[in-house]
Every structure is written in C-alpha cells, then in structure tokens.
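[1] predicted model follows, preceded by the sequence.
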Amino acid sequence: NPGVPQELNDLVMQLLDKNPDNRPESAEEVAQLFQTFGFSLKTRKVSDMWEERWRRARLKERLQKADHLERTPFSFSDYLLTQIDTIGKVVWEHDWGKVYEAFQTLPTGEKEKIALKVSEDDALAERQLRAERLALRQVKHPHLIKCFDGNDVYLEAEGALRGWLSLEWIEGENLTEEGRPGTARDLVQILEWVSQAADALDALHSAGIIHRDIKPDNIFIRQSTGQAVLFDLGLADFLGDSDEHKKFRDEDPLRDETPGTEYYLAPEVVNGARGSRESDIWALGITLYELLTKRVPFRGVVSRQTFWKILDGIYDSPRNLNSFLPESLVQIIQQLLERNPEKRPSAGEVKQILQQFIIEYKREHPADFPEDASTAASLGALNSERSVWQVVMAAGNTAAPGLETFSSEQYQAIWQKLEERVLFAVLSLNSPVSDRHLDILLGRARSQKTRRFSLAQMA
C-alpha cells in the first residue's frame with residue numbers, strides 16, 4: 001500500500017524481524033510504539049485516512065474500466081426509488097451488501113413483490129452483482145432464479161460506485177433445512193430436487209457459465225410448487241467466447257483466486273485449478289451426500305485440515321451414516337465424487353442418471369408410490385403393439401384433468417410430473433422405443449406448453 005508512511009512501515013518491519021532479539025519485548029511496548037507514532041488503535045483515524053485514499057484510487061481504476069456504468073446526481077436510495085416502486089425492510093445482510101424486500105408495478109398495474117440486492121461500494125461486491133446479472137440475463141430456466149433488472153451506478157455526489165439487482169421473490173426455504181431421508185418418499189423427493197438443480201446447472205454450463213458455489217444453501221425450494229430453484233451466482237465464472245464473457249474475465253478481481261465454500265471445493269480446485277464444469281459436478285455430489293446423511297464427507301477443524309482431507313479423498317460411505325440408502329445410489333454419489341474430473345458425468349447426465357434411478361426405485365417400491373403404480377396398472381392393458389402415442393395419452397390422462405386454473409409455477413410442476421409418468425409408462429411397457437422417438441414425442445408436447453390444453457391433449 002503506497003499510502004503507508006515510512007515511519008509506520010519501519011515499525012511493522014521491526015515487528016516482523018527474523019531475529020527475535022530485535023522485536024519489541026512485550027505487547028505493552030508495541031502499544032507504546034504505536035502511540036509514539038501517533039496512531040490510535042481506538043479511533044483508527046490514520047487507518048481510515050489511508051483506507052479512504054486507497055479506496056479512491058481503486059474507484060478511479062474501476063470507473064475507467066466500467067463503460068456499462070449509469071451516473072446519477074441522486075443519493076443511492078433516491079436513485080433506487082426511480083427504478084423500484086417501494087423499498088421495504090432488510091431481509092438479509094452480508095459483508096458484500098444487503099437484500100431488501102421491495103415491490104415493482106407490473107404492466108397490469110398490480111404490485112409484485114421482489115428481492116432487491118444492493119452492493120456496498122467495493123470492487124468485489126460490485127463483481128458479485130455483475131456476475132449474477134450477466135448469468136441470469138443469458139440463461140432463463142424454470143429451476144433458476146429470475147432476474148428482472150439491475151445495473152452499476154456511479155453516485156456523483158458521494159463519489160461512490162454501487163450495484164443493484166432485482167430478483168423474483170421466492171417463498172420457501174433452502175435445502176439446508178431438509179432432514180435426512182428415512183422413507184422412500186423422502187428419498188425420492190431429495191433426488192428430484194437435486195435432479196432439478198442439475199437441470200439448471202446443465203443450462204448454465206451449456207452457456208459457458210460455471211456456478212462455483214453449489215451447496216444446499218444455494219438451492220431453494222419454492223413453497224408454491226415444491227420445485228427446486230438454483231440461485232446466488234455471485235461467484236460465477238464465464239468461459240464463453242463472447243465479448244461479454246471475455247471482458248468479464250479480463251476485469252474479474254477474482255481471476256487469480258479460487259472462490260467457493262471450502263467443504264464443496266473439488267480436489268483440483270484445492271490444488272489451484274480454476275473452477276470448471278467438472279468442479280461444479282463435484283460440489284453437486286457433496287451436496288447430494290450431505291442431503292442424504294446430514295454431513296459433508298470432508299470436514300476438518302480448520303480450513304487447512306479440510307483441504308488435506310479433500311486431497312486425501314477418503315470418506316465414509318453414505319450407507320455408514322444412513323443405512324436406508326440403496327447401494328446403487330451410493331454408486332451414483334461415487335461417480336460425482338470421482339477424483340479424475342474427466343470421469344465425472346456432465347450436469348445433463350446427472351439429471352438423467354437420477355431420473356432413471358427414481359423410475360426404477362418407484363417400480364421396486366409400488367406400495368410407497370400408489371399413484372405411479374396405478375398409472376402402470378392402467379397402462380397394462382396396452383400391449384407392445386399399441387403405439388407409444390397412446391401410452392403418452394394415457395399417462396397424460398392420469399396426471400391432471402386440465403390446466404385452466406393453474407398458475408404458471410403449478411403449470412411447470414404438473415408438466416414435469418407428466419414427463420416423469422411418460423417415461424415410467426413407456427419403460428413399463430417393455431417395448432422397443434428408441435430414446436430419439438421418445439424425445440420427439442416429448443418435444444412435440446413441450447412445443448404446445450403455452451397453450452391451455454389438458455395434459456392428455458398436449459401429449
């Protein structure tokens with residue numbers, strides 16, 4: 001820090017002298033030296049002065065790079081009220097900023113509740129909101145939180161740079177609150193949530209975006225539908241070839257760091273590699289392990305010990321912690337926690353693996369899933385010579401009578417249930433149906449999702 005005076009620099013070097021005899025003999029002597037220099041540990045006035053000088057230098061550098069900035073003469077709170085109708089109470093606070101309850105007006109004139117993220121005047125805080133805006137603007141997915149608006153703003157009167165972001169408001173709780181599964185239905189529910197998170201992750205990866213902070217805390221369960229929503233992309237990395245991705249990488253203050261939550265870091269990341277699609281899959285594997293056992297596989301007393309355990313790679317089998325788990329599910333976790341990144345499945349493959357496991361598990365436990373058993377029974381009369389189209393129709397008829405009264409969130413949840421039942425029904429027929437044929441059938445039905453047909457008619 002070039003703003004540090006020479007006298008203080010000499011004092012610090014004296015404290016760090018390699019020869020113990022040259023260092024001050026006691027803490028009291030150190031305190032006296034600081035007082036002699038005129039530095040008050042209580043008021044930190046000198047420290048604040050240096051910090052302000054350093055902050056302004058950093059701000060000037062950020063302003064030169066940030067061509068996306070909006071400038072305003074208003075205070076930040078007044079500026080936000082030109083973008084958002086009403087700003088309410090703080091619902092969450094972190095060192096990078098705050099999240100407010102807020103409201104915006106829809107084109108219909110109705111008020112919609114949203115979450116308003118506001119950053120502190122700090123390069124890392126600004127980076128987190130900018131990453132989230134870029135990622136959510138590029139990828140829209142039913143299991144990914146929705147972003148409405150946001151920008152970085154230079155407050156001319158304050159000489160400060162702040163960021164903001166408006167997101168959908170989700171009622172519910174994150175996966176950290178979920179208990180260890182002890183029944184077949186609990187187990188399937190957890191696997192469905194992780195499968196949905198993998199689906200959202202697949203969409204991000206396909207767009208060249210790495211999440212880098214997958215964990216139960218960052219997977220929310222939407223109360224209205226019971227569906228999983230992946231969020232908090234503040235540490236996201238951008239690997240695409242677009243100008244936006246390249247510009248973000250060039251200006252990223254974390255480009256030489258390995259961000260993330262320590263218990264979920266992949267071994268190659270602990271060794272200094274940049275986050276990747278494969279390291280996201282590892283974190284998803286740790287998440288699945290934790291949800292099934294209520295413990296992470298690698299945990300030390302301090303971070304260094306945790307990292308050693310991750311690199312060592314030895315962990316308890318999930319079945320040792322939860323004997324209810326099938327061995328075939330343990331093997332899936334082992335695939336996700338493969339030491340060699342190249343041997344881990346992709347996010348799309350994780351979704352398929354989990355969905356296939358769910359279908360087979362339900363078929364093996366019909367008493368626990370009577371609704372699926374009745375679907376299979378109703379399809380039993382269809383022999384393998386009947387068309388797959390009729391199977392899809394029958395599955396649609398058993399899912400729900402129609403969609404006229406459903407909200408968009410319920411609509412999405414019912415649609416996913418139809419897809420599951422179509423897969424279950426076709427597999428139960430044991431007829432030669434190609435994956436491509438089934439994809440075409442589901443694709444045709446998906447193309448009509450915006451029209452208000454009954455599920456059978458859509459199929």
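    Now that the structure is in, tell me what you want to look at. Only a predicted model underlies this, so the values are computations on that prediction, with no experimental measurement involved. Numbering: from 1, shown residues only.

[2] what residues of stretch 336-354 count as buried?
    Of the residues in stretch 336-354, 336-338, 341, 344-347, 350-354 count as buried by neighbour count, 16 or more other CB atoms under 10 Å. The way it works is simple: take the backbone N, C-alpha and C, and place the C-beta from them, glycine included.

[3] ok, those residues vs V153, which is closest?
    Distance to V153, by CB to CB, is smallest for A347 among those, at 34.4 Å.

[4] does that closest one touch D202 like I think?
    Yes: using CB atoms under 8 Å, A347 is in contact with D202, at 3.8 Å.

[5] show me where pLDDT drops low in the protein?
    The chain contains residues with pLDDT under 70 at 2-3, 36-76, 79, 82, 107, 154-160, 372-459.

[6] now the buried residues of stretch 336-354 in JSON lines, please, with extra columns for secondary structure and distance to T108.
    Conversion of these to JSON lines gives the following (DSSP: H, G, I helix; E, B strand; the rest coil; distance: CB to CB, whole Å):
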{"residue": "L336", "secondary structure": "helix", "distance to T108": "44"}
{"residue": "L337", "secondary structure": "coil", "distance to T108": "48"}
{"residue": "E338", "secondary structure": "coil", "distance to T108": "50"}
{"residue": "P341", "secondary structure": "helix", "distance to T108": "48"}
{"residue": "R344", "secondary structure": "coil", "distance to T108": "46"}
{"residue": "P345", "secondary structure": "coil", "distance to T108": "43"}
{"residue": "S346", "secondary structure": "coil", "distance to T108": "40"}
{"residue": "A347", "secondary structure": "helix", "distance to T108": "36"}
{"residue": "V350", "secondary structure": "helix", "distance to T108": "39"}
{"residue": "K351", "secondary structure": "helix", "distance to T108": "35"}
{"residue": "Q352", "secondary structure": "helix", "distance to T108": "39"}
{"residue": "I353", "secondary structure": "helix", "distance to T108": "42"}
{"residue": "L354", "secondary structure": "helix", "distance to T108": "38"}
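
[7] ok, E173 - contacts?
    Counting by CB atoms under 8 Å, 6 or more residues apart in numbering, E173 touches 220-221, 223.

[8] hang on, it in a strand?
    Yes: counting by DSSP: H, G, I helix; E, B strand; the rest coil, E173 is found in a strand.

[9] bridging residues for it?
    Beta-bridge partners recorded for E173 (DSSP bridges): I221.

[10] what of F238?
    Note on F238: beta-bridge partners I209, judged by DSSP bridges.

[11] that one and G88, how far apart?
    With the distance defined as CB to CB, to the nearest Å, F238 ends up 32 Å from G88.

[12] between the two, tell me which one has more neighbours.
    Counted by other CB atoms under 10 Å, F238 and G88 do not tie: F238 has more neighbours, with 20 against 11.

[13] distance check, that one against K117.
    Separation of F238 from K117 (CB to CB): 19 Å.

[14] top of the contacts of E173 by neighbour count?
    Neighbour-wise, these (other CB under 10 Å) top out at F220, 23 neighbours.

[15] who are the contact partners of E257?
    Here E257 is in contact with no residue (CB under 8 Å, 6+ apart).

[16] G150: what secondary structure?
    G150 ends up strand, using three-state DSSP.

[17] go ahead and confirm it touches L134.
    No: in this structure, G150 is not within contact of L134 by CB under 8 Å, at 9.9 Å.

[18] looking at the contacts of E173, which is nearest R249?
    F220 (28.1 Å).

[19] distance of the closest one relative to P181?
    Separation of F220 from P181 (CB to CB) stands at 19 Å.

[20] still on that earlier bit, between the contacts of E173, which is closest to S166?
    Using CB to CB, F220 is the member of the contacts of E173 that lies nearest S166, at 16.7 Å.

[21] surely that closest one touches V229?
    Yes: counting by CB under 8 Å, V229 is a contact partner of F220 at 4.7 Å.

[22] shared neighbours of these two, anything?
    Joint contacts of F220 and V229 (CB under 8 Å, 6+ apart) are 145, 170.

[23] look up the closest residue to P259, ignoring the ones flanking it.
    What sits nearest to P259 in space, not counting adjacent residues and going by CB to CB, 6 or more residues apart in numbering, is L235, at 4.6 Å.

[24] same for whatever helix or strand E28 lives in, what does it pack against?
    Element membership for E28 (DSSP states H and E) is helix 27-37. When contacts are defined as 3 or more CB pairs under 8 Å, 6 or more residues apart in numbering; DSSP states H and E, helix 27-37 sits against helix 6-15.

[25] which strands and helices lie in contact with the helix it packs on?
    Packing partners of helix 6-15 (3+ CB pairs under 8 Å, 6+ apart): helix 27-37.

[26] contacting residues around the helix it packs on?
    Applying CB under 8 Å, 6+ apart, the external contacts of helix 27-37 come out as 7-8, 11, 14-15, 24, 41.

[27] just the angle between it and helix 6-15, please?
    If you take axes from the mean of the first three to the mean of the last three CA atoms, to 10 degrees, helix 27-37 sits at 170 degrees to helix 6-15.

[28] hey, C-alpha coordinates of helix 27-37 in PDB?
    Extracted C-alpha coordinates of helix 27-37, given in PDB (Å, rounded to 0.1, in the frame of the first residue of the first chain):
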ATOM      1  CA  ALA A  27       2.600  -6.100  23.800                       C
ATOM      2  CA  GLU A  28       2.800  -3.100  26.000                       C
ATOM      3  CA  GLU A  29       6.000  -1.900  24.300                       C
ATOM      4  CA  VAL A  30       4.200  -2.400  20.900                       C
ATOM      5  CA  ALA A  31       1.300  -0.200  22.100                       C
ATOM      6  CA  GLN A  32       3.700   2.500  23.200                       C
ATOM      7  CA  LEU A  33       5.500   2.500  19.900                       C
ATOM      8  CA  PHE A  34       2.100   2.900  18.100                       C
ATOM      9  CA  GLN A  35       1.200   5.800  20.400                       C
ATOM     10  CA  THR A  36       4.600   7.400  19.800                       C
ATOM     11  CA  PHE A  37       3.900   7.200  16.100                       C
END
